[in-house]
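[1] just coords:
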Ligand SMILES: [Zn+2]
């Protein structure tokens, strides 16, 4: 796996672009909040990104997850297993059941094979295999958000429920700096897409397409001007414009 690209997009907000998926580090004082964590094969890249920002893995105050897909949780068993202190991993209560392995909502290898003729699929699926993306990773210790909320965490992130891509998908708003971490609800690119700019992933990647579209309504009502997606580059602009562009482009141009 290659070296990650780290960009400080607002004070203390670091956007990390791995080979095929992004994650975010919210730094404040001597601790960080990590949002999403890449594929199993990204564990060194996650460590490297923390190092570039000036932190060690044992300084992670908590890990927040947008959704339980392998490209967003894959590195966590190795990453967190390697630190002496216990680091909590939080998700929505629905998504906790997903990462506990109680059910699965992920495109299967068969779905991918059926689409291998599509633009970018072959190269992307080879990357998934190399990055450990065919493993089934569960996070038995993951917990629902604490009842007092997350404002005590570095960056003061606020969960925004956005079911659709998965049943318990959550975006994270960082109100202090107008940043929204959109996971896979709204992306700006993907190896399997020819489109640029705000867009939706292909239908096969979403558990519920209709709900994914409705989640755009939730996002566009938020006050944020920096969009950090799970896939593709950062986008600066109003969420209303980003959502409109995504609706117009459709599911990775599949219509
Ligand atoms: Zn993803």
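    Alright, I've got the coordinates. Predicted model only: the values in this text are computed from it and were never measured. Numbering: from 1, shown residues only.

[2] can we go C-alpha only for contacts and neighbour counts from here?
    Noted.

[3] which residue of the protein sits farthest from its center?
    With C-alpha atoms, centre = their mean as the measure, the chain has its most outlying C-alpha, relative to the mean C-alpha position, at residue 117: 26.2 Å.

[4] now do the SS call for that one.
    Here residue 117 is coil, with the state taken from DSSP: H, G, I helix; E, B strand; the rest coil.

[5] from residue 125, how far out is it?
    To residue 125, residue 117 is 12 Å away according to C-alpha to C-alpha, to the nearest Å.

[6] residue 116: neighbouring residues, count only.
    Other residues lying near residue 116 total 16 when counted by other C-alpha atoms under 10 Å.

[7] residue 106 contacts residue 207, doesn't it?
    Yes: applying C-alpha atoms under 8 Å as the test, residue 106 and residue 207 come out as touching, 7.4 Å apart.

[8] which residues sit against the helix or strand of the chain with the lowest mean pLDDT?
    With mean pLDDT, DSSP states H and E as the measure, the helix or strand of the chain carrying the lowest mean pLDDT is helix 109-114 (a mean of 78). Where contact means C-alpha atoms under 8 Å, 6 or more residues apart in numbering, the residues beyond helix 109-114 that reach it are 121, 125, 134, 204.

[9] buried sites along the helix or strand that that helix is followed by?
    The first helix or strand that comes after helix 109-114 along the chain, using DSSP states H and E, is helix 121-130. Judged by neighbour count (16 or more other C-alpha atoms under 10 Å), helix 121-130 contains these buried residues: 121-122, 124-125, 127-128.

[10] do the same with stretch 10-24
    Of the residues in stretch 10-24, those buried (16+ other C-alpha under 10 Å) are 12-24.

[11] would you turn those into JSON lines with pLDDT, distance to residue 37 and secondary structure?
    Supplementary listing: the buried residues of stretch 10-24 in JSON lines, determined by pLDDT from 0 to 100; distance: C-alpha to C-alpha, whole Å; DSSP: H, G, I helix; E, B strand; the rest coil:
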{"residue": "12", "pLDDT": "98", "distance to residue 37": "18", "secondary structure": "coil"}
{"residue": "13", "pLDDT": "98", "distance to residue 37": "15", "secondary structure": "strand"}
{"residue": "14", "pLDDT": "98", "distance to residue 37": "13", "secondary structure": "strand"}
{"residue": "15", "pLDDT": "98", "distance to residue 37": "12", "secondary structure": "strand"}
{"residue": "16", "pLDDT": "98", "distance to residue 37": "10", "secondary structure": "strand"}
{"residue": "17", "pLDDT": "97", "distance to residue 37": "11", "secondary structure": "strand"}
{"residue": "18", "pLDDT": "95", "distance to residue 37": "10", "secondary structure": "coil"}
{"residue": "19", "pLDDT": "90", "distance to residue 37": "12", "secondary structure": "coil"}
{"residue": "20", "pLDDT": "91", "distance to residue 37": "12", "secondary structure": "coil"}
{"residue": "21", "pLDDT": "96", "distance to residue 37": "9", "secondary structure": "coil"}
{"residue": "22", "pLDDT": "98", "distance to residue 37": "8", "secondary structure": "strand"}
{"residue": "23", "pLDDT": "98", "distance to residue 37": "6", "secondary structure": "strand"}
{"residue": "24", "pLDDT": "98", "distance to residue 37": "8", "secondary structure": "strand"}
